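In: Here is the input, now give the coordinates:
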Amino acid sequence: MSEALNQQLTSRQKKVSSILVTQVKPTDEDSPYFVLAKKYKIKIDFRTFIEVQGVSMKDFRKQKITILDHSAVIFTSKNAVDNFFRISNELKLDIPIEMKYFCVSESTANYLQKYIQIRKRKVFVGQKTAMDLVDQVKKHKEENYLFPCSDIRTGDFPEYLRKNNYKFTEVTFYNTVSSDLSDLKNIFYDIIAFFSPSGIESLFHNFPGFQQNETRIAAFGPTTAKAVKDANLVLDIQAPLPNAPSMTGALEEYIKACIKASKE
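Out: Coordinates of the predicted model:
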């Protein structure tokens, strides 16, 4: 980081009274966000900047994919699970018990119970990201994989499958679109926390003339950080950090820095 940029970021470290988190409000009363709000007496609101819409049957058919030609499905989100089974149901498909499911995380695997009896199925689980599934698919290279995804997604895992000659088909089961944020037009927050490039896109879709001014921007992950910079916004808070692996951790470190700056 250049000295000039460092000075600019330091000069923006002012009191934080309000934060907008561009995600769904947590249902857990012990969420770190609620703990953070109480500890520092900060108002924290939640509002999703993007929405998921399942593709229509007409648009799915245009992709000319036969689900039952595949022996395994890779799920990287609950949205993928919902829309895979929605389409399968609309097609009146009987998914064979032999179908294997590769899930990005334990929570995604558990979510499968909404549609199938897991104890009767072959389910393989990663740790957190799609790339964590590499070790699992290496053990099952003979499978023909179906990869339900959004029209907007990161390409690391599909690229890995492609480069290593796995049989797989990438299929759009749902689309990511900007939410209607018109009710936020005249509302100001000290910090807005983003978690995907789509959130930045939604910001400018809803507010084409957005001026950052004193608003601090927080970004989770390198692709989101890049989207912030590409939009010519100042990136004040980046997560994860070595000492703050979560967004709430990075926010707290920033809040403490602002409190310290105000006392100097």
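In: show me what contacts the closest residue to His70 other than its chain neighbours?
Out: If the residues on either side of it in the chain are set aside, His70 comes closest to Leu146, at 3.9 Å by Cβ to Cβ, 6 or more residues apart in numbering. Any C-beta I mention is one placed from the backbone N, CA and C, and that applies to glycine too. By Cβ atoms under 8 Å, 6 or more residues apart in numbering, the contact list for Leu146 reads Ile65, Ile67, His70, Ala72, Val73, Ile74, Phe84, Phe168, Thr169, Val171.
In: do that again at 6 Å, thanks
Out: His70, Val73, Thr169 (Cβ atoms under 6 Å, 6 or more residues apart in numbering).
In: Across the sheet, point out what pairs with it.
Out: Beta-bridge pairing for Leu146 (DSSP bridges): Val73, Thr169.
In: just Tyr174 next, same as before
Out: Counting by DSSP bridges, Tyr174 forms beta bridges with Gly54, Ser150.
In: For Lys92, see how far away it is.
Out: 20 Å (Cβ to Cβ, to the nearest Å).
In: Could you give the number of residues near the closest residue to Ser178 other than its chain neighbours?
Out: Nearest non-adjacent residue to Ser178, counting by Cβ to Cβ, 6+ apart: Ser202, 3.8 Å away. Applying other Cβ atoms under 10 Å, we find 23 residues neighbouring Ser202.
In: Please apply the same query to Lys167.
Out: Lys167: 14 neighbours (other Cβ under 10 Å).
In: Sort out which residues of stretch 219-237 are buried, please.
Out: Applying a neighbour-count criterion of 16 or more other Cβ atoms under 10 Å, one finds Ala219, Phe220, Gly221, Thr224, Ala225, Ala227, Val228, Ala231, Leu233, Leu235, Asp236, Ile237 buried in stretch 219-237.
In: Assign the last one to helix, strand or coil.
Out: Going back to what we said before, that points to Ile237. strand (DSSP: H, G, I helix; E, B strand; the rest coil).
In: Enumerate every residue touching it.
Out: Ala218, Ala250, Tyr254.
In: Try it again at 8 Å.
Out: Ile191, Ala193, Arg216, Ile217, Ala218, Ala219, Ala250, Leu251, Tyr254.
In: Name whatever forms a beta bridge with the fifth one.
Out: This means Ala218. Bridge pairing for Ala218 - DSSP bridges - gives Ala193, Ile237.
In: List just the nearest of the contacts of Ile237 to Ser150.
Out: Ala219 (19.5 Å; Cβ to Cβ).
In: And the closest one, how close does it get to Leu93?
Out: Taking Cβ to Cβ, one finds Ala219 at 40 Å from Leu93.
In: try Leu112
Out: According to Cβ to Cβ, Leu112 and Leu93 sit 16 Å apart.
In: For Glu159, grab phi and psi.
Out: phi -70, psi -40 (degrees, to the nearest 10).
In: What count of nearby residues applies to it?
Out: Neighbour number of Glu159 under other Cβ under 10 Å is 10.
In: And for Lys141?
Out: 12.
In: hmm, back to that, could you look up the SS state of the residue nearest to Ser178?
Out: helix.
In: what's the pLDDT at Phe124?
Out: As predicted, Phe124 sits at a pLDDT of 86.
In: So it lies in a helix, does it not?
Out: No: using three-state DSSP, the secondary structure at Phe124 is strand, not a helix.
In: What distance do you get for the residue lying closest to it once chain neighbours are set aside to Ala72?
Out: Leaving aside its chain neighbours, Phe124 sits nearest to Gln136 (4.4 Å; criterion: Cβ to Cβ, 6+ apart). Separation of Gln136 from Ala72 (Cβ to Cβ) stands at 10 Å.
In: So which of the two has more stuff around it?
Out: Ala72 (22 against 15).
In: Tell me where the stretch 151-264 of the chain is predicted with low confidence.
Out: Scanning the stretch 151-264 of the chain for pLDDT under 70 picks out 153-155.
In: mind listing the strands for it?
Out: For the stretch 151-264 of the chain, the strands defined by DSSP state E, counting those that start in this stretch occupy 167-178, 191-194, 216-220, 235-239.
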